[in-house]
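*Asks:* no sequence for this one, just the structure:
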């Protein structure tokens, strides 16, 4: 059973550009959540996808969008990058929607916006 | 608005002693609480959880206590081991889809 993987590990982008981050969920997990972790803070919920549909969103603007694919891989897209978007982006997969379903986190993608 | 707070950014403890990590929350709708552990360059891993219908849950060296009236929970690690050195996050959910995390406490276990 493979764990949650994310790519790339690190990424440097310029303000105004667009970025796509990728996540491969744990086998059999139908739910993926994305989190943003700024330096010195805990992870902040961005959104969750369940069976390829967005199922809940945190306080993030529409320029943060996502996709989930039938093979349970997923993407986080961020348009019009801002300096404050610099952070560690974590995805987490789980089996089911309930808040108490154990979430398995990937190692994250470190995004730097200059 | 930070609904889950970990007011101690760091904790240093001697090997073999008890580590006590604290967490406070403001949202009375939270009904499930979790602790995650994070090593550098890795994602957070689930450690232990507790439902709001309980006030204590124990798993080996790890025990979580919940005081609903005070909106406070704590994680006890006994005895502390060098491998416990990591960042610990408190998280909470309210029967929906998302976890709200605290800012984390960095634990250093001294030999």
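*Replies:* Done, it's in. None of the values given here were measured: they were computed from a predicted structure. Numbering: from 1, shown residues only, chains lettered A, B, ... in the order given.

*Asks:* which residue is nearest the centroid of chain A?
*Replies:* residue A:34 (3.1 Å; CA atoms, centre = their mean).

*Asks:* backbone phi and psi for that residue, please?
*Replies:* phi -120, psi 140 (degrees, to the nearest 10).

*Asks:* count the residues that sit near the residue nearest to it when sequence neighbours are not counted.
*Replies:* Closest residue to residue A:34 apart from its sequence neighbours, by CB to CB, 6 or more residues apart in numbering or on different chains: residue A:46 at 4.3 Å. Placement of C-beta: from N, CA and C, glycine included. Counted with other CB atoms under 10 Å in any protein chain shown, residues neighbouring residue A:46 total 23.

*Asks:* is the residue nearest to the centre of chain A bridged to anything, and to what?
*Replies:* residue A:47, residue A:91 (DSSP bridges).

*Asks:* ok, it - contacts?
*Replies:* A:23, A:45-48, A:66, A:74, A:76, A:89-92 (CB atoms under 8 Å, 6 or more residues apart in numbering or on different chains).

*Asks:* neighbouring contacts of stretch B:70-88?
*Replies:* Contacts for stretch B:70-88 (CB under 8 Å, 6+ apart): B:13-26, B:28, B:33, B:35-39, B:47-48, B:50, B:61-67, B:90, B:104-109, B:111.

*Asks:* I'd like the average pLDDT over it.
*Replies:* Stretch B:70-88 shows a mean pLDDT of 97.

*Asks:* with that, I have no additional questions.
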